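Asks: Here is a sequence with its predicted model. Questions after.
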Amino acid sequence: MKRTYLGEFEEIVLLMAVILDEHAYGATINQEIEERTGRKVTFGTVHNTLIRLEEKGFLTSRLGGATTERGGRRKRIFTVTALGSRALHDIQQLRKELWELVPPNVIQLSSL
């Protein structure tokens, strides 16, 4: 099976969808990314990434109930699929293995 790779921003968006669970929709994911990473991102960037992750099979989406705060519009709530969970696990494992290969004297946390 051909492996589908995650870009760095895709990984962050997918992780936020896992963390937010039932509250994982575009606006909350956007807000949490900005708060937790200090990175300014546009809603369009997050939305396009969510759609791309859904097309890759890492997410599914469904429409939630309409809310007055959204002018009666419904939220599209995203859920991580088994494939998405596997991709996150694989990238976590790869990063761990690579960090273990870094010689201890190369990166000293006390100097950062």
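Replies: Noted; the coordinates are in hand. The structure presented is a predicted model; accordingly, all values stated were derived computationally and were not measured.
Asks: which residues touch residue 32?
Replies: Shown in contact with residue 32 (CB atoms under 8 Å, 6 or more residues apart in numbering): 16, 19-20. Glycine gets a C-beta too; all of them are placed from N, C-alpha and C.
Asks: Mind checking which of the residues you listed land in strands?
Replies: Under the assignment DSSP state E, these contribute nothing to strands.
Asks: helices and strands around the longest helix along the chain, which ones?
Replies: Criterion DSSP state H: the longest helix present in the chain is helix 82-101. The helices and strands touching helix 82-101, judged by 3 or more CB pairs under 8 Å, 6 or more residues apart in numbering; DSSP states H and E, are helix 8-20.
Asks: Which is the succeeding secondary structure element to the helix or strand of the chain with the lowest mean pLDDT?
Replies: Within the chain, confidence by mean pLDDT, DSSP states H and E is lowest for strand 59-66 among all helices and strands, at a mean of 88. Counting by DSSP states H and E, the element after strand 59-66 in chain order, helix or strand, is strand 74-80.
Asks: Can you select the buried ones from the contacts of residue 32 in ChimeraX?
Replies: The following ChimeraX line selects those of the contacts of residue 32 that are buried, judged by 16 or more other CB atoms under 10 Å:
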select :16,20
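Asks: How about the backbone phi and psi for residue 25?
Replies: Main-chain torsions, residue 25, degrees, to the nearest 10: phi -130, psi 170.
Asks: For it, which non-adjacent residue is spatially closest?
Replies: Sequence neighbours aside, residue 75 is the residue nearest to residue 25 in space, at 4.4 Å (criterion: CB to CB, 6 or more residues apart in numbering).
Asks: pLDDT wise, what is that neighbour at?
Replies: Note for residue 75: predicted pLDDT of 87.
Asks: Is it in contact with residue 69, as I believe?
Replies: No. Proximity of residue 75 to residue 69 does not meet the contact threshold set by CB atoms under 8 Å, at 9.8 Å.
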